[in-house]
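Engineer: the following comprises the amino acid sequence and a computationally predicted model.
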Amino acid sequence: MSLISHFRVVRFAFQDFYRNFWLSVATISVLVLTLISVNVLLTVNVIGKVALSMVKSKIDVSVHFKPEIDESRVQTIKISLLSMPDVKDVEYVSPAQSLERFSDMYKKDELVLKSLGEVGVNPFGSTLVIKAREIEGYPKIMQALEEPALSEMVEEKDFDDRQALITRIESIAKKIEWFGLGASLIFCLITLLIVFNTIRVSIYTHRDEIRIMRLVGASNSFIRGPFYVEAIIWSVLALGLTLALMYPAISFFQPFVQRFFGTDAVDMIGFYRANYLRVFGSQLAAVALMALITTKMATGRYLRD
Amino acid sequence: MIRFKNVTKTYPPDIVGLKNVNLHIRPGEFVSIVGQSGTGKTTLAKLLIADERPTRGQIIIGGWDISAIKPSEIPLLRRQIGVVFQDFKLLPKKTVYENVAFALEVCGASSRKIKSIVPQALKIVGLVDKADRYPRQISGGEQQRVVIARALVHRPKIIVADEPTGNLDSLNTREIIDLLKKINEFGTTVVLVTHNREVVNELHRRVITIDRGMIVSDQEEGKYVL
């Protein structure tokens, strides 16, 4: 096609867009609803992952050493623990700090405080608070702590109490991942069908025009061209409208979600800002590609010789 | 100009559209193809514009054998033959001017050429004052005149008119036939497919009669005989 024909194709696309205004509105509405659904799913996935990682980050293992084990030995153990690849952080809590924390925790319980006073000396030994990089790392850390040389020095480990919780969180995390993947796949399929059928219906309404264009000598590419351009116009406008609707909605709901989780870590606006090119670029590319393929298939029906 | 050599067109399973048709139409002729409904008149018109392909035989237009025309060549053929249909076939979302201009736009004509030719074609059919109206805003006769204007913009050597007056009253019918006669006087070959007895009898031109897919009569200054 010549340059003038390309220009005409674009002009016809815009002309067709506003002369079939309500059809354009209907098509864009369906695309907007589809994109909103995809973005809601994406938001839920992100919030789910953030919530899960928050819970995971709060898990740690406290290893309480016997009071007779001096600080230098515990510090040596701390260093050897830090050299393990699964260990993210190890905090040393001195006997004095442990006593302070305990007193603080039970400051309203006079009986406990009185009993502590009767003991006379600080009954606490040193404590190491260990955090693993991944939740799956805890069993290995626990195994290392079970070694005879170490276990002799340890009075108590509180990991056993949390073992059930960790297992449960792990299983929930896996379920969420599978659910997210499954839901995304189903959604992709639904989206594909909606976009495909919407554009097919739109082109079906133009079938007589397509036949007339052929009869007056228009080439197939000249007939298809405006439909392709129109499909891109629909995609761009649909994404623009989706953004215009989603941004205020997320801004409105974000403070409630943050309050619910008690942290600012759930930051959807921040996520969209940081990934806008990837998130919206891929959505635009996907919708436009679907629209173009559907347009080619739908017009092909009326352009067969 | 137009030559049919032993042309047969059958539709599945074994319906005969045309059977062994031999025909020669010379440049500048005004030929009426007549016959009752379902005898093969429209099949002949469709074969001329490559809307159908012959099952057997050869169709040659201006030295070009279109019997086995490639799909990519069909637009080129249609830009050389003006076509007028009974049901007008105008683009409903384009104005009268845009409908006529469209035939030029599809072949990449320059804007300057379009601006010069379209008003001329609209002047010939008497629709300059209705150029900005949409097809639904004008009468049936006017719509058919738009179709003729659209067929004229390529300055075609041949105009094929398939029942152009089928949806029109007698007054509009006369106007359309007069217009086709005027176009023929400029040297364009006109192939008029019709079953309107009055139109054929008043024309006093060549009449080819088709019955059951075969040419049963071909008279230089004929009448509607069926």
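Structural biologist: Done, it's in.

Engineer: near chain A, which residues of chain B are found?
Structural biologist: With Cβ under 8 Å from any Cβ of the partner chain as the criterion, chain B meets chain A at residues B:49, B:51, B:71-72, B:74-79, B:83, B:85, B:89-93, B:102-103, B:105-108, B:110-111, B:150, B:154. C-beta coordinates here come from the backbone N, C-alpha and C atoms, glycine included.

Engineer: can you pull out the strands in the chain?
Structural biologist: Defaulting to chain A. Secondary structure of chain A by DSSP state E: the strands cover A:61-65, A:87-93, A:127-132, A:154-157.

Engineer: chain B, not that one
Structural biologist: B:2-11, B:15-25, B:30-34, B:56-61, B:64-65, B:81-85, B:158-162, B:189-194, B:206-211, B:214-219.

Engineer: put together a markdown table for these, with mean pLDDT and mean neighbour count on each row.
Structural biologist: Listed next are these as a markdown table, based on pLDDT from 0 to 100; neighbours: other Cβ atoms under 10 Å in any protein chain shown:
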| stretch | mean pLDDT | mean neighbour count |
| --- | --- | --- |
| strand B:2-11 | 94 | 18 |
| strand B:15-25 | 93 | 18 |
| strand B:30-34 | 94 | 24 |
| strand B:56-61 | 94 | 18 |
| strand B:64-65 | 91 | 12 |
| strand B:81-85 | 88 | 25 |
| strand B:158-162 | 93 | 24 |
| strand B:189-194 | 94 | 25 |
| strand B:206-211 | 93 | 21 |
| strand B:214-219 | 91 | 15 |
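
Engineer: for the ones you listed, which one sits closest to residue A:70?
Structural biologist: Closest of the strands of chain B to residue A:70 is strand B:2-11, at 103.4 Å (criterion: Cβ to Cβ).

Engineer: what lines up beside that closest one in the sheet?
Structural biologist: In the sheet, strand B:2-11 lines up against strand B:15-25 (antiparallel), strand B:56-61 (antiparallel) (DSSP bridges).

Engineer: what is the end-to-end distance of stretch B:207-221?
Structural biologist: Start-to-end span of stretch B:207-221 (Cα to Cα, to the nearest Å) is 7 Å.

Engineer: what does it rub up against?
Structural biologist: Under the contact criterion Cβ atoms under 8 Å, 6 or more residues apart in numbering or on different chains, stretch B:207-221 has outside partners B:9, B:16-23, B:31-36, B:39-41, B:43-44, B:200, B:204-206, B:222-226.

Engineer: you'd agree residue A:54 is up against residue A:265?
Structural biologist: Yes. Using Cβ atoms under 8 Å, residue A:54 is in contact with residue A:265, at 6.1 Å.

Engineer: which neighbours do these two share?
Structural biologist: Common neighbours of residue A:54 and residue A:265 (Cβ under 8 Å, 6+ apart) do not exist.

Engineer: so what's residue A:236 up against?
Structural biologist: Per Cβ under 8 Å, 6+ apart, neighbours of residue A:236: A:284, A:288.

Engineer: low-scoring stretches of chain A, by residue?
Structural biologist: Within chain A, the ranges that satisfy pLDDT under 70 run A:1, A:159-163, A:166, A:304-305.

Engineer: now the angle from the lengthiest helix in it to strand A:127-132?
Structural biologist: For chain A, the helix with the greatest residue count under DSSP state H is helix A:159-204. Angle, helix A:159-204 to strand A:127-132, by axes from the mean of the first three to the mean of the last three Cα atoms, to 10 degrees: 20 degrees.

Engineer: what packs against helix A:159-204?
Structural biologist: helix A:21-57, helix A:138-145, helix A:268-303 (3 or more Cβ pairs under 8 Å, 6 or more residues apart in numbering or on different chains; DSSP states H and E).

Engineer: kindly reformat those helices as TSV containing distance to chain B.
Structural biologist: As requested, the helices and strands packed on helix A:159-204 are arranged in TSV below (distance: least, Cβ to the nearest Cβ, whole Å):
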stretch	distance to chain B
helix A:21-57	10
helix A:138-145	68
helix A:268-303	9
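
Engineer: reformat those as TSV; add mean neighbour count.
Structural biologist: TSV is the format used below for the helices and strands packed on helix A:159-204 (neighbours: other Cβ atoms under 10 Å in any protein chain shown):
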stretch	mean neighbour count
helix A:21-57	17
helix A:138-145	16
helix A:268-303	16
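
Engineer: backbone phi and psi for residue B:195, please?
Structural biologist: Here is the backbone geometry of residue B:195 (degrees, to the nearest 10): phi -130, psi 20.

Engineer: same check, this time on residue B:62
Structural biologist: Per-residue torsions, residue B:62: phi 50, psi 40 (degrees, to the nearest 10).

Engineer: tell me the contacts of it?
Structural biologist: Residue B:62 makes contact with B:1, B:80, B:157 under the criterion Cβ under 8 Å, 6+ apart.

Engineer: and the last one, how far from chain A?
Structural biologist: With the distance defined as Cβ to the nearest Cβ, to the nearest Å, residue B:157 ends up 14 Å from chain A.

Engineer: OK, contacts around that residue?
Structural biologist: Here residue B:157 is in contact with B:1, B:27, B:62, B:80, B:81, B:188, B:189 (Cβ under 8 Å, 6+ apart).

Engineer: what do you get for the second one?
Structural biologist: Applying Cβ under 8 Å, 6+ apart, we find residue B:80 in contact with B:61, B:62, B:154, B:156, B:157, B:158.

Engineer: with residue B:17 as the reference, measure out to it.
Structural biologist: Per Cβ to Cβ, to the nearest Å, residue B:80 is found 24 Å from residue B:17.

Engineer: same deal with residue A:152?
Structural biologist: Distance from residue A:152 to residue B:17, counting by Cβ to Cβ: 103 Å.

Engineer: which ones are touching the most centrally placed residue in chain B?
Structural biologist: By Cα atoms, centre = their mean, chain B has its centre lying nearest to residue B:160, at 1.8 Å. Applying Cβ under 8 Å, 6+ apart to residue B:160 gives the contacts B:45, B:48, B:49, B:81, B:82, B:83, B:84, B:191, B:193.

Engineer: was I right to think the third one contacts residue B:79?
Structural biologist: Same thing as residue B:49. No. Using Cβ under 8 Å as the test, residue B:49 is too far from residue B:79 to be in contact (10.9 Å).

Engineer: which residues sit in contact with the residue minimising distance to the centre of chain A?
Structural biologist: For chain A, the residue nearest the mean C-alpha position is residue A:46 (2.3 Å; Cα atoms, centre = their mean). Applying Cβ under 8 Å, 6+ apart to residue A:46 gives the contacts A:268, A:271.

Engineer: number of residues surrounding the nearest residue to residue A:290 once chain neighbours are set aside?
Structural biologist: Nearest residue to residue A:290, sequence neighbours excluded (Cβ to Cβ, 6 or more residues apart in numbering or on different chains): residue A:195, at 4.7 Å. Neighbour count of residue A:195, defined by other Cβ atoms under 10 Å in any protein chain shown: 26.

Engineer: and residue A:195, how far is that from residue A:188?
Structural biologist: In terms of Cβ to Cβ, residue A:195 sits 11 Å off from residue A:188.

Engineer: next one: residue A:284
Structural biologist: In terms of Cβ to Cβ, residue A:284 sits 15 Å off from residue A:188.

Engineer: swap in residue A:287?
Structural biologist: Separation of residue A:287 from residue A:188 (Cβ to Cβ) stands at 12 Å.

Engineer: residue A:225 too?
Structural biologist: Distance, residue A:225 to residue A:188, by Cβ to Cβ: 28 Å.

Engineer: the two: who's more crowded?
Structural biologist: The residue with more neighbours, out of residue A:225 and residue A:188, is residue A:225; 20 against 13, by other Cβ under 10 Å.
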